[in-house]
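Undergrad: predicted model and sequence follow; I will ask about them next.
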Amino acid sequence: MKNTTRYKVVKKRLILLFLLCIGFAGSYTMVYRWNILDFNDKLVSLENVYDLFDDILEIKRYEKNLIYFQNPESSKEIVFYLNKAEIDIARISDSIIEVVGAEKFYEFSLNLQQYRAMIHQHIQGNKVDLKEIRERGRTIVDFAQALLNQKKESIHRFLRVGMYLPISILGLFVILIIALFMWQAKGTLTRHAFVQKATEEFARGEFVIHADASKWKDEVSDLILIFNRMAEEIETRQEQLFQSRKMASIGTLTSGIAHELNNPLNNISLTADSLLADCEHMDIAEIRDMVSDIASETTRASEVVKNLLDISRGDEPSFVPLHLKSVVKDTLKILKNQLMLASVKYVSNIPDDLPKIRGNKDKLIQVFLNLFLNAIQAMPDGGTISVDGKKDPDGYVRIDFKDTGIGMKVEDLGKIFDPFFTTKPVGKGTGLGLSIVYGIISKHKGYIEVKSELNLGTTFSIFLPIPKWNKYFYG
């Protein structure tokens, strides 16, 4: 029974506040709806005036073509817009009279009729005063411009006046809420301030035990007990938890660096062993090619650490015009040994006329290396990697990397670009590779999409923008 009584202390205040808020929301909604509907009517009226103004400008434009260039098509167009303007005037005549008055509206209508008659006479080939036509046309344009300005000013006045009523209602509500809290909830607010202080201390990592000195026991008293229990438990385990997380992060990062460096070092080792074993039977071109591969892999190894640091560093790479087909080709030179040893077949369909993109070659090679290596690792028994390129209708060059590997679960697809997330077994991956890929593509103003099905394979689609501002970048 005691707990039920304490529960009702806060419950009654919440119910009262809820009812008050509902009442305010209803009143405020009605006022707001009335303002919106009225404002909508005024906007529709303004749009109609804009339509009339546009029609009159078109009339004036075709008047010039008709008088100076005797263009037969202009006569059709000016008659069309004259008819359209008269329809618009008939539809919004009440709105025009409201703004400028009946007398000026009558003068405008009469002037438009006379202007129409003179245009008709000119089209029929009769002699008319061209200067008077231009003057009447200018008068019509001036009237439409003045009407539009006055209409906009009336809407501005409505907005200035219309916002006072909602603000007044909101002010009264705020005053009522303040009075309610001062009258009925002073004690509760004080208790909540105590809880807020304890929460902020928790957020700062200060796990302090607080005594409940209040004689008024309510739901907050139970919350204070929970805070104290949490503080005692967290205080005893905080240091252990910190050390555990720190060691786990260091271990994961170390494993990731080793994984990233292992690939180029393996390539260097394989190429060097082949060179040592067969150098006596090779010609100078083959030896130079293998030495070039070793130098390329050495450069790649030196870039690994910098690529890992791209996750936390915001340095902008230098961009030049690139054909992605040549970038993929250079990447394959590095990977040809892995593809052969893993029994992976490579199929490419990148057209020669694919538009150039603006990018950094070294960074994009790192992207393609990660995608190729992930695909190879997803096919332990061999398979096929397909790389297709095409121009996307939205102004991007699209490169699809498709493998026939083991695929991924649907729930993992949304996390694969997160740092340190990996679907590989412990010790086989760190989750850094795709995070690096995501960062590099983002710096190129592009984006990545991924589709995958278990036991069917995975497709990574890279979209890089085509720089339309310079024709030099088109392939």
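TA: Perfect, I can see it now.
Undergrad: any idea which helix is longest in this protein?
TA: helix 2-69 (DSSP state H).
Undergrad: show me what that helix is packed against.
TA: If you count contacts as 3 or more C-beta pairs under 8 Å, 6 or more residues apart in numbering; DSSP states H and E, helix 2-69 packs onto helix 72-91, helix 93-100, helix 102-123, helix 130-162, helix 164-184, helix 186-203, helix 219-278. For glycine as for every other residue, the C-beta is placed from the backbone atoms N, C-alpha and C.
Undergrad: of all those helices, which lies closest to T331?
TA: Across the helices and strands packed on helix 2-69, T331 has its closest neighbour in helix 219-278 (12.3 Å, C-beta to C-beta).
Undergrad: could you give the mean pLDDT of that closest one?
TA: Across helix 219-278, the average pLDDT comes to 65.
Undergrad: output the contacting helices and strands for the next helix or strand after that helix.
TA: Using DSSP states H and E, the helix or strand that follows helix 219-278 in sequence is helix 284-309. When contacts are defined as 3+ C-beta pairs under 8 Å, 6+ apart, helix 284-309 sits against helix 219-278, helix 324-341, helix 361-377, helix 433-443.
Undergrad: make it 6 Å
TA: Applying 3 or more C-beta pairs under 6 Å, 6 or more residues apart in numbering; DSSP states H and E, one finds that helix 284-309 makes contact with helix 219-278.
Undergrad: chain center to stretch 453-464, what's the gap?
TA: 22 Å (C-alpha atoms, centre = their mean, to the nearest Å).
Undergrad: can I get that stretch in PDB, CA atoms only?
TA: Taking C-alpha atoms only, stretch 453-464 is exported to PDB below (Å, rounded to 0.1, in the frame of the first residue of the first chain):
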ATOM      1  CA  GLU A 453      23.300 -14.000 -50.800                       C
ATOM      2  CA  LEU A 454      24.600 -16.900 -48.700                       C
ATOM      3  CA  ASN A 455      26.400 -19.500 -50.900                       C
ATOM      4  CA  LEU A 456      25.800 -17.500 -54.000                       C
ATOM      5  CA  GLY A 457      28.200 -14.600 -53.800                       C
ATOM      6  CA  THR A 458      28.600 -10.900 -53.200                       C
ATOM      7  CA  THR A 459      28.600  -7.900 -55.400                       C
ATOM      8  CA  PHE A 460      30.200  -4.600 -54.400                       C
ATOM      9  CA  SER A 461      29.100  -1.700 -56.600                       C
ATOM     10  CA  ILE A 462      31.300   1.400 -56.600                       C
ATOM     11  CA  PHE A 463      29.900   4.700 -57.900                       C
ATOM     12  CA  LEU A 464      32.400   7.500 -58.700                       C
END
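Undergrad: other residues contacting that stretch?
TA: For stretch 453-464, the external contacting residues (C-beta atoms under 6 Å, 6 or more residues apart in numbering) are 357, 371, 396-405, 407, 444, 446-452.
Undergrad: the same query, at a cut-off of 8 Å, please.
TA: The contact list for stretch 453-464 (C-beta atoms under 8 Å, 6 or more residues apart in numbering) reads 324, 357, 359, 367, 371, 375, 378, 383, 392, 396-409, 441, 444-452.
Undergrad: show me which of those are buried.
TA: Burial by neighbour count, judged by 16 or more other C-beta atoms under 10 Å, picks out 324, 357, 359, 367, 371, 375, 378, 383, 396-408, 441, 444, 446, 448, 450, 452 from the contacts of stretch 453-464.
Undergrad: ok, back up a step: relative to S45, which of the helices and strands packed on helix 2-69 is closest?
TA: Using C-beta to C-beta, the helices and strands packed on helix 2-69 put helix 93-100 closest to S45, at 4.8 Å.
Undergrad: which residues does the nearest residue to Y438 once chain neighbours are set aside contact?
TA: The spatially closest residue to Y438, leaving aside those adjacent along the chain, is F417, at 4.1 Å (C-beta to C-beta, 6 or more residues apart in numbering). Residues in contact with F417 (C-beta under 8 Å, 6+ apart) are L434, S435, V437, Y438, I448.
Undergrad: before we move on, what about F173?
TA: Contacts of F173 by C-beta under 8 Å, 6+ apart are F24, Y28.
Undergrad: same thing with the one 4 residues further on?
TA: Each residue near I177 by C-beta under 8 Å, 6+ apart is listed here: L17, L20.
Undergrad: can you give me the pLDDT of R6?
TA: 49.
Undergrad: equivalent analysis for the one 3 residues further on, please.
TA: At V9, the model reports a pLDDT of 59.
Undergrad: count of neighbours near the closest residue to L66 other than its chain neighbours?
TA: Nearest residue to L66 in three dimensions, chain neighbours excluded: S74, at 4.3 Å (C-beta to C-beta, 6+ apart). Using other C-beta atoms under 10 Å, S74 has 19 neighbouring residues.
Undergrad: ok, S74 touching N65?
TA: Yes. Between S74 and N65 there is a contact under C-beta atoms under 8 Å: 3.9 Å.
Undergrad: quick check: the residue nearest to Y438 vs S435, distance?
TA: Distance of F417 to S435, computed by C-beta to C-beta, to the nearest Å: 6 Å.
Undergrad: go on, R358?
TA: In terms of C-beta to C-beta, R358 sits 23 Å off from S435.
Undergrad: higher neighbour count, those two?
TA: Neighbour count, other C-beta under 10 Å: between R358 and S435, S435 has more, with 22 against 17.
Undergrad: and the more buried one, how far is that from P465?
TA: 21 Å.
Undergrad: got it, and N149?
TA: Using C-beta to C-beta, we find N149 at a distance of 42 Å from P465.
Undergrad: higher neighbour count, these two?
TA: Neighbours per residue (other C-beta under 10 Å) separate N149 from P465, with P465 holding more: 19 against 12.
Undergrad: that one and Y447 touch, don't they?
TA: No. The criterion here is C-beta under 8 Å, and P465 misses it with Y447 at 9.5 Å.
Undergrad: could you chop this structure up by domain?
TA: Domain segmentation of the chain under automatic domain parsing yields 2-168, 257-306, 315-473.
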